[in-house]
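**Student:** could you look at this predicted model? Sequence included:
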Amino acid sequence: MASFCSRPFPASSHLLATDFSRPLKISKLLYLQRKGQFHGSQRASKVLAFYGLTTPPYNLDALEPYMSQRTLEIHWGKHHRGYLEGLNKQLENNNSLYGYTMDELVKVTYNNGNPLPEFNNAAQVWTHDFFWESMQPGGGKIPGHGVLLQIEKDFGSFTNFREKFIEAALTLFGSGWIWLALKTKEKRLAVIKTSNGVTPIVWGDIPIISLDMWEHAYYLDYKNDKVKYVNMFLNNLVSWNAATARMARAEAFVNLGEPKIPVA
Ligand SMILES: [Fe+2]
């Protein structure tokens, strides 16, 4: 990762904050606050990590009537934004967390199951970004061929998968998330429940689809009817296009069967 020094340092130091070791990513805005105050051969500099608010990949009214614009305005515009602003505020006081991608920040602050204070906000930002992209207007229906085959292999049938996903959502204790994720060690898909903002990436697993089971995700549209909410998600919103793309990327890390070697 990029080197960092918050204290005044010699101008010739290799720790100059502009000496990034890799390109910046669009989703992560890093900005430099440089006071430009010279003290003899030294100058004072301060570098802050700052993450930008990612917008859902559709208009806020695009998921109507299944998820209302009002829900998106509050869920994305207030809750998601609140986690992000909370994270940026925390990072102002923790220079050691400068330079990470959001994935890396979540894993580092999870700290092998002993989460650092920044973990909750970082994880909630990550999970919400992932959730918005787990839905699409005109979603639902049946997954594409490759994902469907893998679901049938690992759950027995698509119907079995649906039942497991719904059961997990209805039996989740407290607030949290339901995932269809690729277990990297077992090399199979599984339905996973997590509490609060925890994402399976902290254990090295690869999420394919997520569903937010925090009350702020469904209460305005469905009150306490979680059955209706989960079924609405599976029938009308889940983005199997996103799942297909995520599975394709996952296959670069997990061998799901006998290698098929292309022959020219
Ligand atoms: Fe949420």
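**Tutor:** On my side now, so go ahead.

**Student:** when you work out contacts or count neighbours from here on, use the C-alpha atoms and nothing else.
**Tutor:** Noted.

**Student:** quick one: Gly144 from Glu152, how far?
**Tutor:** For Gly144, the distance to Glu152 equals 12 Å [CA to CA, to the nearest Å].

**Student:** more crowded one of the two?
**Tutor:** Glu152 (16 against 12; other CA atoms under 10 Å).

**Student:** please tell me I have it right and the more buried one contacts His145.
**Tutor:** No. Counting by CA atoms under 8 Å, Glu152 does not reach His145; the two are 10.4 Å apart.

**Student:** residue contacts, the nearest residue to Gln69 once chain neighbours are set aside?
**Tutor:** Of all residues not flanking Gln69 in the chain, Asp61 sits nearest, at 4.4 Å (CA to CA, 6 or more residues apart in numbering). Going by CA atoms under 8 Å, 6 or more residues apart in numbering, Asp61 touches Ser68, Gln69, Leu72.

**Student:** mind listing the helices for the stretch 101-250 of the chain?
**Tutor:** Counting by DSSP state H, counting those that start in this stretch, residue ranges of the helices within the stretch 101-250 of the chain are 102-110, 119-132, 145-155, 158-171, 215-222, 226-232, 240-250.

**Student:** related to what we said a few turns ago, Gly139: which of the contacts of Asp61 is nearest?
**Tutor:** For the contacts of Asp61, the residue nearest Gly139 by CA to CA is Ser68; the value is 15.0 Å.

**Student:** deepest in the core, which of the helices of the stretch 101-250 of the chain is it.
**Tutor:** helix 119-132 (a mean of 22; mean count of other CA atoms under 10 Å).

**Student:** quick one: contacts of it?
**Tutor:** 54, 56-57, 76, 80, 83-84, 86-87, 102-103, 105-106, 109-110, 196-199, 209-212.

**Student:** could you redo the last one with a cut-off of 6 Å?
**Tutor:** If you take CA atoms under 6 Å, 6 or more residues apart in numbering as the criterion, helix 119-132 is touched by Pro56, Tyr83, Leu87, Val106, Thr109, Tyr110, Gly197, Ser210.

**Student:** need the three-state assignment for the first one.
**Tutor:** Going by DSSP: H, G, I helix; E, B strand; the rest coil, the secondary structure assigned to Pro56 is coil.

**Student:** show me the contacts for it.
**Tutor:** Trp132.

**Student:** model confidence score at it, please.
**Tutor:** We note a pLDDT of 97 for Pro56 in this prediction.
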